[in-house]
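1. Everything below, folded, please.
(chains A and B)
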Amino acid sequence: MTAVFFRGECMEVSKSVARMFYSSVLLLYVFAQTIFGHAHIFIDYKVHACINDEGLDGVFVNWTFDAMFTQFVQKEFDKDNDKKLNKDEQAAIFNKFTNDHKKVDYFAVIKVDGKNYSVPAPANFSARILPENNLVSYTFFLPLKLKASGKPMEVQVYFFDAVIYVSFTIMPKDISIQNKSKNIDASISLEKGKFSNIPTISLKAR
Amino acid sequence: MNAAIFSLGVCFVLTVSVFGQANSDSVAAGQATAVENSNKQTADATSDDFSNPFSNEEGITTEGATEGVKPSEKKEKAPPFWYKYDFGKKYVTSLQKNLNMKVSSLVNEFKASMNFNKAFLVFFFSFIYAVLHSAGPGHGKLLLGTYFLTNDDVHRKRDAAVAGIIVSITHNGMAVLLSGVLYLLIHSFGDQRHMQEVTKQVGGVLVILTGLAIMLTSVFRNKIKFFDEEKNAERLKRYPFYLIAILSGIVPCPLAWSVLVLCITMNLYWLGLVSVFGMAIGAGITVGVTGLIVITGKESLFTLVNRERAEKFAHVLRFGGGVFLVLFGYLMTKIG
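-> Numbering: from 1, shown residues only, chains lettered A, B, ... in the order given. Sure, this is the predicted structure:
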């Protein structure tokens, strides 16, 4: 007979039962490892919604990379080593950005009232090295052109890598809205999603 | 022994959870709070030209960028079903992010101060980072674990340690080889993700071939004369083990690659190697412990059935393991 601790209680069971108990837990542990996050690149992102008289014109997005990936971008693209990314260097980055991420929709998910929408090509792309922390940051605009009506509309725009190679994080301070219309009520909030936090834009024509 | 390994496993999981929790305030806060920004800043402006809040620079505009979005039939790419359950995943991701930042900042601090205590800390945190990181999916554990679970040729606990060493050498060695050699030759780090895809595809084909070999030998073992000679059989059955251990680590470690890039760009190649050495030890321990867990678990399960049944069971398992390896190899070549 041997002792097994279960829920804080010591139980006496036969050796074979104890072995089976331990083995099951151990095997469960082995396979449970796959549940852990396994990111290699960490991106903090920001979303800024732009509302015009028509509705949601689009969102400005900002990605800030971790220090390790920053070094990779700098070494590969900052050819003149001046810690600044000039137009040519930014164009090279944009090429790589579209080549690598177009097939995965730039990791973006766009949902309107719960329904999936196509992801547009990013516009106004710029890349720079932030002076405050020397991290590389990409900024681009996703033109959505969604018309508002009298019926409330809920638009979700978030970034997520299904293969968990890249980890996207967004914080409450990283969402904002610019409303240039007097005819549309709009707000942005950060909802708790199934896999990550989700910036959600609500809009309705008056 | 089982109890000791079980305790080790539990301790590891607890450590991960506790440290993760301590370091994941930001993520937790992000999910607990939903901040509402109302449209109080409504302006009189009628122009559709919005100012970019993140950058003053004029961006690169692409064709067709002015088109709006339309409903899509495309299904959202979903992660594995278990991903929707947290199980401490956010803590672990957050902790890894913090460790990533820690190693980066220590490399920077070393560069600024040339204080060798910082170099030791780089080694230490790289080790911790790798222990935790390699506990996640990949790093050869599933391939190796399946082989251990399904093959009666590998049963010694020492094999787990050997596998840990082989995987950590190949996994991290490939990163050093590819990043270092590429940098020395063409002064570029190449495309890390592309390299990984290529090595995964090559590895996948080799895994398929190994799986087929295991399936064939499990069916025809008694019919091939060569296996009758004990010496030949003993020698041959070790080959798949070494091959699987090498293949498990053939995809270069992206983490080691990243830290090498960081250090090389700062002209601290040797510090990159120190960091990778710490990572290799950490990953080796995780892989070794995983192998040990599988071997111990398998031994315990085999003691529950009688000897005759155990032999039949082992035979079926071996063939099943071969099938699994073929499928696994196929997925490696397809998924990338």
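
2. ok now do residue B:133, which residues does it touch?
-> Counting by Cβ atoms under 8 Å, 6 or more residues apart in numbering or on different chains, residue B:133 makes contact with A:38, B:96, B:139, B:255, B:282, B:283. (C-beta placed from N, C-alpha, C; glycine too.)

3. Out of the residues you listed, flag the one nearest to residue B:73.
-> The shortest approach to residue B:73 among those belongs to residue A:38, at 29.8 Å (Cβ to Cβ).

4. returning to what we had before: among the contacts of residue B:133, which one has the most neighbours?
-> Ranked by the number of neighbours (other Cβ atoms under 10 Å in any protein chain shown), these place residue B:283 first, at 31 neighbours.

5. follow-up on the earlier one: need the contacts of residue B:133 in JSON lines (columns: secondary structure, distance to residue A:198 and pLDDT).
-> Output for those, formatted as JSON lines (DSSP: H, G, I helix; E, B strand; the rest coil; distance: Cβ to Cβ, whole Å; pLDDT from 0 to 100):
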{"residue": "A:38", "secondary structure": "coil", "distance to residue A:198": "21", "pLDDT": "71"}
{"residue": "B:96", "secondary structure": "helix", "distance to residue A:198": "22", "pLDDT": "87"}
{"residue": "B:139", "secondary structure": "coil", "distance to residue A:198": "30", "pLDDT": "67"}
{"residue": "B:255", "secondary structure": "helix", "distance to residue A:198": "28", "pLDDT": "83"}
{"residue": "B:282", "secondary structure": "helix", "distance to residue A:198": "34", "pLDDT": "92"}
{"residue": "B:283", "secondary structure": "helix", "distance to residue A:198": "34", "pLDDT": "88"}
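
6. Of all pairs in these, which one spans the longest distance?
-> Between any two of the contacts of residue B:133 (Cβ to Cβ), the greatest distance is 14.8 Å, for A:38 and B:282.

7. Apart from its chain neighbours, what residue comes closest to residue A:65?
-> Spatial nearest neighbour of residue A:65, chain neighbours left out: residue A:136 (4.9 Å); criterion: Cβ to Cβ, 6 or more residues apart in numbering or on different chains.

8. By proximity to chain B, which residue of chain A wins?
-> residue A:145 (2.8 Å; Cβ to the nearest Cβ).

9. isn't that residue right up against residue A:52?
-> No - at 9.4 Å, residue A:145 and residue A:52 do not qualify as touching, with contact defined as Cβ atoms under 8 Å.

10. more neighbours, the two?
-> Neighbours around residue A:145 and residue A:52, counted as other Cβ under 10 Å, are more numerous at residue A:52. The numbers are 22 against 16.

11. Which stretches in chain A count as helices?
-> Ranges of helices within chain A are A:15-32, A:67-77, A:87-101, based on DSSP state H.

12. Can you tell me which of these has the worst average pLDDT?
-> Of all the helices of chain A, the minimum mean pLDDT falls on helix A:15-32 (a mean of 56).

13. burial measure for residue B:289, as a count.
-> By other Cβ under 10 Å, the residues close to residue B:289 number 22.

14. Please apply the same query to residue A:192.
-> Neighbourhood size, residue A:192 [other Cβ under 10 Å]: 12.

15. what residues are up against the closest residue to the residue of chain A closest to chain B other than its chain neighbours?
-> Leaving aside its sequence neighbours, residue A:145 sits nearest to residue B:68 (Cβ to Cβ, 6+ apart; 2.8 Å). By Cβ under 8 Å, 6+ apart, the contact list for residue B:68 reads A:120, A:143, A:144, A:145, A:146.

16. Check those residues against residue B:201 and report the nearest one.
-> Using Cβ to Cβ, the contacts of residue B:68 come closest to residue B:201 at residue A:120, 31.7 Å.

17. Pretty sure that closest one sits against residue B:70.
-> No - with contact defined as Cβ under 8 Å, residue A:120 does not reach residue B:70; the gap is 9.4 Å.

18. Show me which of those two is the more surrounded one.
-> The residue with more neighbours, out of residue A:120 and residue B:70, is residue A:120; 24 against 10, by other Cβ under 10 Å.

19. Now residue B:216: closest residue in space that isn't a chain neighbour?
-> Closest to residue B:216 by Cβ to Cβ, 6+ apart is residue B:322, at 7.9 Å.

20. mind checking the SS state of residue B:129?
-> Following DSSP: H, G, I helix; E, B strand; the rest coil, the label given to residue B:129 is helix.

21. how about residue B:325, secondary structure?
-> Of the three states, residue B:325 takes helix under three-state DSSP.
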